[in-house]
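**Student:** I need the structure of the sequence given here:
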Amino acid sequence: MVILGLTGSIGMGKSATAEMFRDFGVPVHDSDASVHQLYRGAAAPLVEAAFPGTVSEGVVDRPKLSAVVLKDPAAMKQLEAIIHPLVGADRDAFLARARASGAPVAVLDIPLLFEINGDTLVDAIVVVTASEEVQKSRVLARPGMTEERFQAILGKQVPDAEKRRRAHFIIETDHGFDHARRQVAAILKAVASMQAGRPKSNA
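**Tutor:** Next up, the predicted model:
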């Protein structure tokens, strides 16, 4: 089974692209969705113990937690030490199920793939990208988003240009859904001929 790592900076269209892979019948593990689930379950008491007042009725209050950790690197590392192992266990269980089902390809949707050295988990990397103008307009249109918060998030992510440089495949999302879907189909066609193992050249 070939494992693709899907990543992209905030506002690049990664979630929509992940859905396109699902439409082609590819199993996709969504790290963000896993975190959301954990924040309603196993992670909640651990987060409350580390950051008192960030959990309400057994569920992590994400805005409150973000306010605590976003500008505090030490707090962010503490949070990551809690969450990453739990997400990793969920991801491993997903991959085991995908292999057992006989899936030829599986996708790990990991927003911070490079930041957590997740590239070591996959056979090839797919980076979703768009122009800076499109990215900014998408992000600032989100409820509660501000320019300051947008810049703070960007500051914690590997720059888009570096992501693209390290990608095996690139999907551009600022030319419409049909264009992006054709790129996904082309990637799956290329992957169909791959043996498990990291490709040696960009595509």
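**Student:** What is the neighbour count of Ala93?
**Tutor:** 11 (other CB atoms under 10 Å). C-beta: built from backbone N, CA, C; applies to glycine.
**Student:** Kindly provide the distance from it to Val26.
**Tutor:** As judged by CB to CB, to the nearest Å, Ala93 and Val26 stand 17 Å apart.
**Student:** Asp32 too?
**Tutor:** From Asp32 to Val26 the distance is 18 Å (CB to CB).
**Student:** quick one: which of those two has more around it?
**Tutor:** Taking neighbours as other CB under 10 Å, Asp32 and Val26 compare with Val26 leading, 21 against 15.
**Student:** thought the more buried one was touching Ala106?
**Tutor:** Yes - the criterion here is CB atoms under 8 Å, and Val26 meets it with Ala106 at 6.8 Å.
**Student:** Can you give the domain ranges for the protein?
**Tutor:** Annotated domains of the chain cover 1-27+103-203, 39-102 [automatic domain parsing].
**Student:** Buried deepest among the ones you listed, which one?
**Tutor:** Between the domains of the chain, domain 1-27+103-203 has the highest mean count of neighbours, a mean of 17, where neighbours are mean count of other CB atoms under 10 Å.
**Student:** List phi and psi for Phe51.
**Tutor:** Here is the backbone geometry of Phe51 (degrees, to the nearest 10): phi -130, psi 80.
**Student:** can you pull the contacts of it?
**Tutor:** Leu65, Val68, Val69, Ala75, Leu79 (CB atoms under 8 Å, 6 or more residues apart in numbering).
**Student:** For these, give me JSON lines that also has secondary structure.
**Tutor:** What follows is these, written out as JSON lines (DSSP: H, G, I helix; E, B strand; the rest coil):
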{"residue": "Leu65", "secondary structure": "helix"}
{"residue": "Val68", "secondary structure": "helix"}
{"residue": "Val69", "secondary structure": "helix"}
{"residue": "Ala75", "secondary structure": "helix"}
{"residue": "Leu79", "secondary structure": "helix"}
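**Student:** would a markdown table of those residues with pLDDT and distance to Arg181 be doable?
**Tutor:** Output for these, formatted as a markdown table (pLDDT from 0 to 100; distance: CB to CB, whole Å):
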| residue | pLDDT | distance to Arg181 |
| --- | --- | --- |
| Leu65 | 94 | 35 |
| Val68 | 90 | 39 |
| Val69 | 90 | 36 |
| Ala75 | 92 | 40 |
| Leu79 | 94 | 35 |
